[in-house]
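Peer 1: quick check, what structure comes out for this input:
(2 chains)
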Amino acid sequence: MIAGLYERLLDGVPRRALLLLGLLLIAMLVAPLLVDPYLLSILILVLYFAYTGQAWNVMMGFCGQLSLGHSLYVGLAAYTSAALYVHFQLPPTIGALAAISISMAFGAGIGFLAFRFGIGGTYFALLTIAFAEFTRVGFDHFAWVNGSGGFFLPVEQYTRNDVLNLRGRPVMFYYLLLALTVAAFVFCRWLLTGRIGYYWQAIREDQEAAQTLGINTFRYKMLAVLISSGMTALSGVFFAFYYNNLFPEQIFNISRSIELILGPIIGGLGSLFGPILGAFVLTLLAEGLYETLHGLGYDIPGIKHVFYGICLAAVIMYLPHGIWPPLRRKLGLETRQ
Amino acid sequence: MPIELVLNVTLQGLLTGLVYGLMALGLSVIFGVVRVVNFAHGEMMTIAMYGAIVAFGAWQIDPLVAMVPIAALLFALGYVMQAWLINPFINRPEHSQFMLLAAVAIVMVNALLMIFGPDARTTLVDYALDSVEIGPLLADKVRLITAGLALAITAGLFAFFKLSRTGKAIRACADNYMGALTVGLNVKQLYAFTFGLGSACVGAAGAMMVLLIDVTPNLGPAFTLQAFVIVIVGGLGSMPGALLGGVLIGLSEALSGLFFAPSAKSMFAIALLILVLLFRPQGLLGKKA
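Peer 2: The predicted model follows:
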């Protein structure tokens, strides 16, 4: 069975791709030994966006359902795990299960309503925004987690890493996120090479045709939302315990949702490596811009994002399928059919 | 709770709602014809608001007068955006168009932040606190004037689409893209013109809105969201629907602010949106797709 799984995951993947992936993984594994705390924090951000982007990609990239409200799942999971930890001293490793369940329950609710009532395209996207906004305002008035005043986790100077309670130094979060990103990558590869993946892609390309072929589109779209929201929940748990403060205004904000879908779209929607590449490109672009402008003495608030927006527009205009597909061709990494 | 208070708040919500309606009308017109959801709509609104602030601060021009050149400027901005940026995206998938406009929105918000800083700005015209008595009711003069203007502009736009040759041509594009191309209409130019018109609406609404609220660069995304809520409740692409949606949202905001917490006011608007999306996704006055 293990051999079968191995074969399924690697079928048709060029040797060179495996070699490059291995090299990247090794580089990421040794990176914390070489970089300073500032760079480490940026790499953590890269991994956060890579993982969350991968989770979003399941829904949009694989199955074609545009969600613009993924901050909902991040926020719900962050609040769930943090509140369980603060109020009941429940370690986040267990709280994560509750967080995943709640995120998936919300995902199921939204998916059920939308797909039962036949809401698709732009309207579905707007519905996801609406639910995220609704929850944001709701949490502003949710006294158990201190409403709009923000919810804080106790912080102290950590000398050792307590993985069970997710209390520790940034390097611990780095390796946890790296593990998550790798796991999500393999999991998505597994999904894509199986029946589910083919059904999803059929739905993405032409839903009516997929239905005609006998695919239960409702069930498989629901599955995409469930997997995506469950995966995104872990980003939320990470967010809560890494940043230690949660504000509804910030975590549920629509700009958060947009931020986390930029990576996969810029990287290459629907591809496995796109979200990872996109996370690297965008985070390094943003930080690079900041450093350059800071170095040149332009410390005007907003200037970084103006350049960021222009770069974003340029990529979308000139590389409609993202950076990864043309890059993959250049590197000669086309998957054999 | 005294009945006068409730009625007064209702009237206020209704009047403010008409200005919201004008803002959303711009979005609706653009979507109805170009079939692109303008994710930078609220950001364009804030640009117009800052335009009115500058005109008032530098030359003491009343925002209701500055409205005309501001609407013209926004028309130009919208025309150029459609002609240069969005026309090449017409046949691209929705998420692609969305990303482009989201990028434009990011640039707009932050350009305003660079120029004006994060602090709230306001104008204080000398009639700002005047009110008019209508029977037992008391209405702000500013709200009455802006609501009246919003109605007049909407009526004008409606007449333009129904009566003028260009308006008919634009409706033809909206009706049947291929057909419009076949009879030799310059669709791309008409699209740009429509985007300009929608932007002019939001420009006029923005110039009026400075009389009602303070402006910060961060208001942009909130207005975008509000405009979405309004046009979806009313019906994407329907002109009377935008006004109706605006009034409903204005009313729900005012009344929920009165009966519950003012900070919860958007929750009712969004709840309304969710209900409409589920049970009548084409909107209250929209035609079935």
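Peer 1: can we go C-alpha only for contacts and neighbour counts from here?
Peer 2: OK.
Peer 1: residues contacting B:D140?
Peer 2: Residues in contact with B:D140 (Cα atoms under 8 Å, 6 or more residues apart in numbering or on different chains) are B:12, B:129-132.
Peer 1: and which of those residues is nearest to chain A?
Peer 2: B:Q12 (23.1 Å; Cα to the nearest Cα).
Peer 1: and for that closest one, the neighbour number?
Peer 2: 21 (other Cα atoms under 10 Å in any protein chain shown).
Peer 1: thought B:L137 was touching it, still the case?
Peer 2: No: B:Q12 is beyond contact range of B:L137, at 10.2 Å (criterion: Cα atoms under 8 Å).
Peer 1: at the geometric centre of chain A, which residue sits there?
Peer 2: Computing the C-alpha centroid of chain A and ranking residues by Cα atoms, centre = their mean puts A:T52 first, at 0.9 Å.
Peer 1: who touches the nearest residue to it once chain neighbours are set aside in this structure?
Peer 2: The shortest distance from A:T52 to any non-neighbouring residue, by Cα to Cα, 6 or more residues apart in numbering or on different chains, is to A:T232 (5.8 Å). A:T232 makes contact with A:52, A:55-56, A:70, A:73-74, according to Cα under 8 Å, 6+ apart.
Peer 1: give me the subset of those that lies in helices.
Peer 2: Judged by DSSP state H, the contacts of A:T232 include A:52, A:55-56, A:73-74 as members of helices.
Peer 1: export the residues you listed as a markdown table, with columns for distance to B:F158.
Peer 2: Output for these, formatted as a markdown table (distance: Cα to Cα, whole Å):
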| residue | distance to B:F158 |
| --- | --- |
| A:T52 | 45 |
| A:A55 | 45 |
| A:W56 | 41 |
| A:Y73 | 42 |
| A:V74 | 43 |
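Peer 1: how about the contacts made by B:A204?
Peer 2: The contact partners of B:A204, by Cα under 8 Å, 6+ apart, come to B:48, B:67-68, B:70-71.
Peer 1: please, which helix or strand holds it?
Peer 2: helix B:187-209 (DSSP states H and E).
Peer 1: after that helix, next one along is what?
Peer 2: Per DSSP H and E, the first helix or strand lying C-terminal to helix B:187-209 is helix B:219-234.
Peer 1: contact residues of the stretch 201-337 of chain A facing chain B?
Peer 2: A:262, A:300-303, A:305-310, A:312-313, A:316-317, A:320 (Cα under 8 Å from any Cα of the partner chain).
Peer 1: buried subset of those?
Peer 2: Neighbour-count burial (16 or more other Cα atoms under 10 Å in any protein chain shown) is assigned, among these, to A:262, A:301-303, A:305-309, A:312-313, A:316-317, A:320.
Peer 1: farthest-separated two in those residues?
Peer 2: A:P301 and A:P320 (30.0 Å; Cα to Cα).
Peer 1: ok, which stretches of the stretch 51-200 of chain B are helices?
Peer 2: Secondary structure of the stretch 51-200 of chain B (DSSP state H, counting those that start in this stretch): helices at B:63-80, B:94-116, B:141-163, B:165-175, B:177-182, B:187-209.
Peer 1: for the stretch 51-200 of chain A, just list every one of the helices.
Peer 2: Along the stretch 51-200 of chain A, the segments classed as helices by DSSP H, counting those that start in this stretch run A:71-88, A:92-116, A:121-140, A:170-192, A:195-205.
Peer 1: check whether the closest residue to chain B within the stretch 151-300 of chain A sits in a helix, strand or coil.
Peer 2: In the stretch 151-300 of chain A, the residue found nearest to chain B is A:I300; the distance is 6.0 Å by Cα to the nearest Cα. Here A:I300 is coil, with the state taken from DSSP: H, G, I helix; E, B strand; the rest coil.
Peer 1: quick one, what contacts it?
Peer 2: With contact taken as Cα under 8 Å, 6+ apart, A:I300 is in contact with B:M114.
Peer 1: tell me the mean pLDDT over the lengthiest helix in chain B?
Peer 2: Longest helix in chain B, counting residues (DSSP H): helix B:3-34. Averaged over helix B:3-34, pLDDT sits at 88.
Peer 1: quick one: that helix near chain A?
Peer 2: No: Helix B:3-34 does not reach chain A (Cα under 8 Å from any Cα); its nearest approach is 11.0 Å.
Peer 1: quick one: contacts of stretch B:154-172?
Peer 2: Applying Cα under 8 Å, 6+ apart, the external contacts of stretch B:154-172 come out as B:22, B:25, B:33, B:179-180, B:185, B:190-191, B:194, B:239.
Peer 1: oops, could you answer that again for stretch A:52-64 instead?
Peer 2: Residues contacting stretch A:52-64 (Cα under 8 Å, 6+ apart): A:65-67, A:70, A:184-185, A:188, A:192, A:197, A:200-205, A:221, A:224-225, A:227-229, A:231-232, A:235, A:260-264, A:269-272, A:275-276, A:279.
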